[in-house]
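*Asks:* Quick check, what structure comes out for this input:
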Amino acid sequence: MPNNLVALIPQIWAQESLENLFANMVMANLVHRDFEGEFAAKGDTVNTRRPGTFEAKDMGASIIIQDATSQNVPVKLDKWKEVSFALSDKDLTLAMNDLIPIYVAPAMEAIAQQIDKDLLALYADITASVGTAGTDADKALVLAARLALNEAKVPMRDRRLVLAAKDENALVGLPEFSSAEKVGDNGTAMREASLGRIFGLDTFLDQNVITTGATPVSTHNLAFHKNAFALVTRPLAKPVEGTGANVSVVNYKGIGLRVAIAWDINKKQHVVSIDVLYGVKTLDDDLAVRVLT
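*Replies:* Below is the predicted model of the structure:
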């Protein structure tokens, strides 16, 4: 098949885009994810399931059937993000392997960064906090975050600590961090962002940690259990026949992407448009603590 025809197959762009999206995500790989195959539109509300809890009962003459406190949590799919770009005739002479670093990788990095920002903005739902605005992280602060999670009886497994660049820099030279057991094998960003498991927390750098204020600046790092927050995605529908666009919809591990390729007759170029629909939600604010610096 001629190379320019390969470059116009949306399924190829979609698969490459999805792989690059996973390679760039940090926060999205640390939270509860929900994906189902039915098509949705921006503004739709769907339900995700908050994990249930039980109580250990004394065994008596018979067992006690408990109702799990699991419940449906409505999530509004109000985040519809897209990246679009044009392919010239010259671009189409490139091999797909050359188009990936030029177009696919930066496009997916932009979407991944936005998903990170939206998830990290959920800090505003969390009332528990440790630390002081305007300072840098230290060992005592990490231990205070661990204590707060322990006192809240947060499960030991799947605990995370996400740090801003300045706080990762303040901690990375400490012996506990330099000798930590490395984790994060779910993608390039996860591997490169991982500081390791420290004091029972899988610890990561995320350059999108939210800051507020001016003097002092408040940096809202987060220590949390996986089930504190959710990323909910649904696939976008293909357009009806006759629109002139060649479209592919793909999903993998709870993320759905739509890629459309169309010919712009006015500018004599192909336009590639990649979009994703999702919502973010705090499932249980008791499973997280703000780590202020």
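
*Asks:* May I ask you to name the longest strand in this structure?
*Replies:* When the chain is scanned for its longest strand (criterion: DSSP state E), the result is strand 269-282.

*Asks:* thinking in terms of the whole chain, how far from its middle is that strand?
*Replies:* 14 Å (Cα atoms, centre = their mean, to the nearest Å).

*Asks:* For stretch 194-210, which outside residues touch it?
*Replies:* For stretch 194-210, the external contacting residues (Cβ atoms under 8 Å, 6 or more residues apart in numbering) are 26-27, 30, 113, 116-117, 120-121, 123, 142-143, 145-146, 156, 158-165, 168, 171-172, 176-177, 180-184, 190, 193, 219-223. Where C-beta positions appear, they are placed from N, C-alpha and C, glycine not excepted.

*Asks:* Out of the residues you listed, list just those in helices.
*Replies:* Those of the contacts of stretch 194-210 mapping onto helices are 113, 116-117, 120, 142-143, 145-146, 165, 168, 171, 176-177, 190, 193, per DSSP state H.

*Asks:* Please type out the ChimeraX selection for whichever of these turn out to be buried.
*Replies:* Entered in ChimeraX, the line below selects the buried ones among the ones in helices among the contacts of stretch 194-210, by 16 or more other Cβ atoms under 10 Å:
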select :113,116,117,120,142,145,146,168,171,177,190,193
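
*Asks:* And the ones in helices among the contacts of stretch 194-210, which is closest to Asn246?
*Replies:* Of all these, Gln113 has the smallest distance to Asn246: 27.4 Å, by Cβ to Cβ.

*Asks:* In contact with Tyr144, which residues are there?
*Replies:* That one is not Tyr; residue 144 is Ala. Counting by Cβ under 8 Å, 6+ apart, Ala144 has contacts Val130, Gly131.

*Asks:* Looking at it now. What's its pLDDT?
*Replies:* We have a pLDDT of 96 for Ala144.

*Asks:* same question, the one 3 residues further on
*Replies:* In the predicted model, Leu147 carries a pLDDT score of 97.

*Asks:* Quick check: it vs Val154, distance?
*Replies:* 11 Å (Cβ to Cβ, to the nearest Å).

*Asks:* what about the two, which has more around it?
*Replies:* Val154 (22 against 13; other Cβ atoms under 10 Å).

*Asks:* pretty sure the more buried one contacts Asp285?
*Replies:* No - Val154 lies out of contact with Asp285 (Cβ atoms under 8 Å); the separation is 11.4 Å.

*Asks:* Helices along this structure, start to end?
*Replies:* According to DSSP H, the helices that the chain contains are 3-6, 10-24, 96-99, 105-120, 139-151, 165-171, 175-178, 188-193.

*Asks:* Out of those, which is closest to Tyr278?
*Replies:* Closest among the helices of the chain, using Cβ to Cβ: helix 105-120, at 6.9 Å.

*Asks:* contacting residues for Ala288?
*Replies:* Ile126, Ala128, Leu222, Ala223, Phe224, His225, Ala228, Phe229, Thr282.

*Asks:* can you do 6 Å?
*Replies:* Neighbour list for Ala288: Ile126, Phe224, Ala228 [criterion: Cβ atoms under 6 Å, 6 or more residues apart in numbering].

*Asks:* wouldn't the last one be in contact with Leu287 here?
*Replies:* This means Ala228. Yes - look at Ala228 against Leu287 with Cβ atoms under 6 Å: they come within range, at 3.8 Å.

*Asks:* Find me whatever residue is spatially closest to Leu118, sequence neighbours aside.
*Replies:* Actually, residue 118 is Asp rather than Leu. Excluding the flanking residues, the one nearest Asp118 by Cβ to Cβ, 6 or more residues apart in numbering is Val280, at 5.0 Å.

*Asks:* Look up the residues forming beta bridges with that neighbour.
*Replies:* With DSSP bridges as the criterion, Val280 is bridged to Leu231.

*Asks:* Could you measure from Phe85 over to Leu163?
*Replies:* Phe85 sits 33 Å away from Leu163, going by Cβ to Cβ.

*Asks:* just for the protein, where's the confidence low?
*Replies:* Across the chain, the ranges flagged by pLDDT under 70 are 1-11, 13, 22-23, 50-55, 57-58, 66-70, 95-96, 178-192, 240-245, 252-254.

*Asks:* Could you check how many residues crowd around Pro38?
*Replies:* Rather than Pro, residue 38 is Glu. Residues near Glu38, counting by other Cβ under 10 Å, number 9.

*Asks:* re the thing from before, for the longest strand of the chain, which helices and strands make contact with it?
*Replies:* Strand 269-282 sits against strand 71-76, strand 79-87, helix 105-120, strand 229-234, strand 255-264, with contacts defined as 3 or more Cβ pairs under 6 Å, 6 or more residues apart in numbering; DSSP states H and E.
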